[in-house]
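**Q** the sequence isn't on hand, but the structure is:
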């Protein structure tokens, strides 16, 4: 089993090096076609991995991976709205957005690994924590359902405020650099954006990790489904950046998914919902929310 952990992480490291060192060695604005192609690549890799798990461990773990991947990917779409607002707020040039997302997602992978290890460990040691996670997910789903459009207030971010208190920040962007010397060490606004992205993802992880733990307690399945969802997030952002506002009902669908997986956790002691049914419910809710958004698009000021 340890060998599979090593091989998977070597694969992830190789893909990250290939991404930054070869395909994005020179900073450029990621166009729709390029982003769409990479999105298809990551989805295809996840599908291939699901097949590998099927022949390695069987049908149930494979379904657990697919269900976890769909849940994590759907919840990650909500991150995209926040990323868009962050980039707009800080007026980040499109040519530098990929670098911020690359390092932001690298940090997210590390945070998710820590959260997963802690979550699985807590559940194995204290089974009652399942009900805490379940109640939290139901609460998060209700809160998401009642909230309006996403807003971003970086000035209220405690991590960012503490960072600015201790580290001097330049007034303008300095190309794609995070730090410069002038003559002392200064952070650039691009690094400030990275700090906001990282802290935002930390908050999303609080919801997403318990959500997938409602499907499986297998740390390898939880980790790999998270990684595939996160790795495909950058390309999905650039593919959907111009269309995000079309999905006006998506956050309602995400809220129902959170409430469903929370209820699944709360009822797990009395009735365990089969993974195939859970996958069908999650996929069905997503499909309905997307179709509803396309059928009833948001009216603009001129319409």
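**A** That came through fine. Only a predicted model underlies this, so the values are computations on that prediction, with no experimental measurement involved.
**Q** was I right to think residue 233 contacts residue 105?
**A** Yes. Using CB atoms under 8 Å, residue 233 makes contact with residue 105 at a distance of 6.1 Å. For glycine as for every other residue, the C-beta is placed from the backbone atoms N, C-alpha and C.
**Q** can you pull the contacts of the residue nearest the centre of the chain?
**A** Note on the chain: the residue nearest the mean C-alpha position is residue 76, at 3.3 Å, using CA atoms, centre = their mean. Residues near residue 76 by CB atoms under 8 Å, 6 or more residues apart in numbering: 204, 208, 229, 230, 233, 236.
**Q** narrow those to those in helices?
**A** Within those, residues falling in helices by DSSP state H are 204, 208, 229, 230, 233, 236.
**Q** that older thread, if I look at the residue nearest to the centre of the chain, how far off is residue 161?
**A** 26 Å (CB to CB, to the nearest Å).
**Q** for the stretch 51-200 of the chain, just list every one of the strands.
**A** 179-181, 185-187 (DSSP state E, counting those that start in this stretch).
**Q** state the phi and psi torsions of the residue located most distally from the centre of the chain.
**A** Most distant from the centre of the chain: residue 183, at 37.5 Å, with distances by CA atoms, centre = their mean. Phi and psi for residue 183, reported as degrees, to the nearest 10, are phi -80, psi -20.
**Q** next up, the contacts around it.
**A** Counted by CB under 8 Å, 6+ apart, residue 183 has zero contacts.
**Q** which sections of this protein are below the confidence cut-off?
**A** Applying pLDDT under 70 to the chain picks out residues 1, 20-29, 78, 147-157, 241-245, 298-303.
**Q** most tightly packed of the strands of the stretch 51-200 of the chain?
**A** Neighbour counts (mean count of other CB atoms under 10 Å) averaged over each of those peak at strand 185-187, with a mean of 16.
**Q** show me what it is packed against.
**A** strand 179-181 (3 or more CB pairs under 8 Å, 6 or more residues apart in numbering; DSSP states H and E).
**Q** so which elements touch the strand it packs on?
**A** strand 185-187.
**Q** how many neighbours does the residue lying closest to residue 137 once chain neighbours are set aside have?
**A** In space, and not counting its chain neighbours, residue 137 is closest to residue 262: 3.0 Å by CB to CB, 6 or more residues apart in numbering. Using other CB atoms under 10 Å, residue 262 has 25 other residues around it.
**Q** in terms of contact, does residue 262 touch residue 255 like I think?
**A** No. The pair residue 262 / residue 255 is not scored as a contact, 10.6 Å apart, by CB under 8 Å.
**Q** joint contacts of those two?
**A** residue 141.
**Q** show residues contacting stretch 109-127.
**A** Under the criterion CB under 8 Å, 6+ apart, residues 12, 129-130, 133, 198, 201-202, 205-206, 208-210, 213, 217, 219, 222-223, 226-227, 230 lie in contact with stretch 109-127.
**Q** do that again at 10 Å, thanks
**A** Here stretch 109-127 makes contact (CB atoms under 10 Å, 6 or more residues apart in numbering) with 9, 12, 16, 72, 105, 128-130, 132-133, 198, 201-202, 204-206, 208-210, 212-213, 216-220, 222-223, 226-227, 229-231, 265, 268-269.
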